[in-house]
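**Q** I would like the atomic coordinates for the input below:
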Amino acid sequence: MRWIYLSPHLDDAVLSAGGLIHEQTQAGIPVEIWTFMCGVPPEGETSPLAQLLHQLWGFSSAEEVVRKRRAEDKNAAAIIGATTVHFDFLDCIYRRGGENGEWLYSEIFVPPHAADADLPSQIAGAISARLNSPSQRSERDDVLVCQLSVGSHVDHVIVRLAAELLGRPLIYDIDIPYIFYRAHELEPKSAGMIPLASLKNKEASGMKESTHSVTETSLERWQEAVLEYKSQIPTLGDAFDTPDKARESIRSYWEERKGIHLLKSE
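**A** Modelled structure (predicted):
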């Protein structure tokens, strides 16, 4: 049984579930991390938001961002035994739309822009196509893990909507680092899922909670893997903005249950 972690960006799955992934791979379970918003945008101007983040990350261009962040992701995944799959959808900081091609996002903690209305279905189609390709195992054997979208980062919300369009059972992990800053969102986000197709009716279904144990050894591999995202550490907020803080925050999250808290759609 393969576990597939649906990661919006090149760090989300490892940040949120790296210890569990290591436990699984050590037990012989195949684990893949599918990252969606890691495509290279067309050459040319970048948005003011992208320019700011490039400076904070220490990169000079969008091409360098994607290339080096993909390398960070592969290094991190190798530490916990997972394999990586990188899709070519654009990060919200690079997306344009509308008649004049305006930048869609000047901040990231906002609802999806109207110009992104079709993006969840496009991502869902990409997931289904890969699951059903001749080279893949039967999708019935696969467990899909989706970010709960705590923090309401627009890309996390969009990938969650995409996963829910698949119409199959999902497991949700809790978004790190956002749970450290927006813990008040955990309850409403886990109260139930609202598929994109049902937004008008606000139909929701409940979720079952479970805790998956993570050993001290897997905790250490998790911490090491997180620190491979060297470009991102300075921008992950006060709880993660140095390597020492990142290590301690991951440990404090683990110590609550000596494992990782997951939710399952019914």
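
**Q** make it CA atoms for all contacts and neighbour counts henceforth
**A** Fine.

**Q** Stretch 42-53: how far from the chain's middle?
**A** In terms of CA atoms, centre = their mean, to the nearest Å, the centre of stretch 42-53 is found 22 Å from the chain centre.

**Q** Restrict it to CA atoms and write it as CSV.
**A** C-alpha atoms of stretch 42-53 as CSV (Å, rounded to 0.1, in the frame of the first residue of the first chain):
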residue,chain,number,x,y,z
PRO,A,42,7.9,32.3,-17.9
GLU,A,43,10.9,34.5,-18.1
GLY,A,44,10.2,38.2,-17.5
GLU,A,45,8.9,40.4,-14.8
THR,A,46,8.1,39.0,-11.4
SER,A,47,5.5,40.2,-9.0
PRO,A,48,6.4,42.5,-6.1
LEU,A,49,5.6,39.7,-3.7
ALA,A,50,7.9,37.3,-5.6
GLN,A,51,10.7,39.8,-5.7
LEU,A,52,10.5,40.3,-1.9
LEU,A,53,10.5,36.5,-1.3
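
**Q** tell me which residues of that stretch are tucked away?
**A** For stretch 42-53, burial by neighbour count (16 or more other CA atoms under 10 Å) applies to 46-47, 49-51, 53.

**Q** the helices in the stretch 101-250 of the chain, which residues?
**A** 119-131, 154-165, 178-181, 186-190, 216-226, 243-255 (DSSP state H, counting those that start in this stretch).

**Q** Comparing those helices, which comes out most buried?
**A** helix 154-165 (a mean of 24; mean count of other CA atoms under 10 Å).

**Q** Let's test this: mean pLDDT of that helix, rounded?
**A** Helix 154-165 carries an average pLDDT of 98.

**Q** same question, stretch 90-104
**A** 92.

**Q** swap in stretch 56-69?
**A** For stretch 56-69, the per-residue pLDDT averages 96.

**Q** Thanks a lot, see you next time.
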